[in-house]
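Peer 1: Need a 3D model of the following:
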Amino acid sequence: MKVKKILVSQPRPASEKSPYFDIATRYGVEVVFRPFIKVEGLTAREFRQQKINISDFTAVIFTARTAIDNFFRLCEEMRVTIPDTMKYFCTTESIALYLQKYIVYRKRKIFYGTTGKFDDLLPFLSKHNKDRFLYAVSDVHKDNANAAILDRAKVNYTKAVMYRTVSNDFAPEEKFDYDMLLFFSPAGIDSLMKNFPQFEQGDIQIGCFGASTAKAVADAGLRLDLEAPNPKAPSITAALDLFLKEQLEKAGA
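Peer 2: Numbering: from 1, shown residues only. Below is the predicted model of the structure:
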């Protein structure tokens, strides 16, 4: 079987119940968790350069836990007092529940979608159309689609960059002896090419999650061997399981 060592470009799962560990045992492969990118929060000084006054807003839109962490961090650093009346709009319930780390969770001021799609928030945003929304984003946010949704709904919002995604560079002595690489964002592909400008794919298998990441793989002139979601596999782990199963069957044929 060709694939023996897999690099997953994400942090190691907190739970040992992750499907990755089952896959490693089932197929006798080594799975290494090594992020290609990392998140850095903007400093208060950098944020102020956007000339945004958080106190001017009555609601915040979050699409990631990282956005929540950096919003409250910046508020603390800039000594901004967040009123109890502030409303929070999140793309998923898990992101909404994460707010409990910083505030008392009250259903009357926290709203979230059911499928994770940004436009799930539209009914809530439209209902609260008198509010001024602060949209917390990163420097590589997918602003075109989401901004278009907000614009069509005539939502009164302002985008605020609160954190950036940077390459998590490899040390000179760090081994890069993987048979398969799994990516989850275009930034991960950018980091690969930055760390290894002479990278030659050869027999190395590349898998990814999401259409934008797949496009980044193609744009970098690389071969995509596994893509999720797909009709047979909604997740990257399901797709990886099927891929390794097929490889094992071919090897045994």
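
Peer 1: Let's verify Val60: helix, strand, or coil?
Peer 2: State at Val60, reduced to three classes by DSSP: H, G, I helix; E, B strand; the rest coil: strand.

Peer 1: Which pLDDT value does the model give it?
Peer 2: pLDDT for Val60: 97.

Peer 1: Can you tell me the closest non-neighbouring residue to it?
Peer 2: Leaving out its chain neighbours, the residue that sits closest to Val60 by C-beta to C-beta, 6 or more residues apart in numbering is Leu134, at 4.9 Å. For every residue, glycine as well, the C-beta is placed using N, CA and C.

Peer 1: Wait, Ile244 touches Ile23, no?
Peer 2: Wrong residue type there; residue 244 is Leu, not Ile. Yes: with contact defined as C-beta atoms under 8 Å, Leu244 counts as touching Ile23 (6.7 Å).

Peer 1: Who has more neighbours out of those two?
Peer 2: Higher neighbour count among Leu244 and Ile23: Leu244, with 22 against 19, using other C-beta atoms under 10 Å.

Peer 1: List the residues that contact that one.
Peer 2: Residues near Leu244 by C-beta atoms under 8 Å, 6 or more residues apart in numbering: 1, 3, 23, 26-27, 29.

Peer 1: so of these, which ones are in helices?
Peer 2: Under the assignment DSSP state H, the contacts of Leu244 contribute 23, 26-27 to helices.

Peer 1: which one of those residues is nearest Gly188?
Peer 2: Proximity of those to Gly188 (C-beta to C-beta) peaks at Ile23, which lies at 19.8 Å.

Peer 1: show me what contacts the closest one?
Peer 2: With contacts defined as C-beta under 8 Å, 6+ apart, Ile23 is in contact with 29, 31, 237, 240-241, 244.

Peer 1: Just the pLDDT for it.
Peer 2: So, for Ile23, pLDDT stands at 96.

Peer 1: what's the answer for Lys107, then?
Peer 2: For Lys107, the pLDDT comes out at 73.

Peer 1: Could you check how far it is from Leu99?
Peer 2: Lys107 sits 11 Å away from Leu99, going by C-beta to C-beta, to the nearest Å.

Peer 1: Name the residues that touch the longest strand along the chain?
Peer 2: Taking DSSP state E as the criterion, the chain has its longest strand at strand 157-167. Residues from elsewhere that reach strand 157-167 (C-beta under 8 Å, 6+ apart): 36-42, 47, 50, 52, 54, 57, 61, 66-67, 70-71, 74, 132-141, 143, 147, 150, 185, 187, 190-191, 194-195.

Peer 1: same question, stretch 43-53
Peer 2: Outside stretch 43-53, the residues that touch it by C-beta under 8 Å, 6+ apart are 74, 77-78, 134, 158, 160-162.

Peer 1: Show me which of those are buried.
Peer 2: Among those, those classed as buried by 16 or more other C-beta atoms under 10 Å are 74, 134, 160-162.
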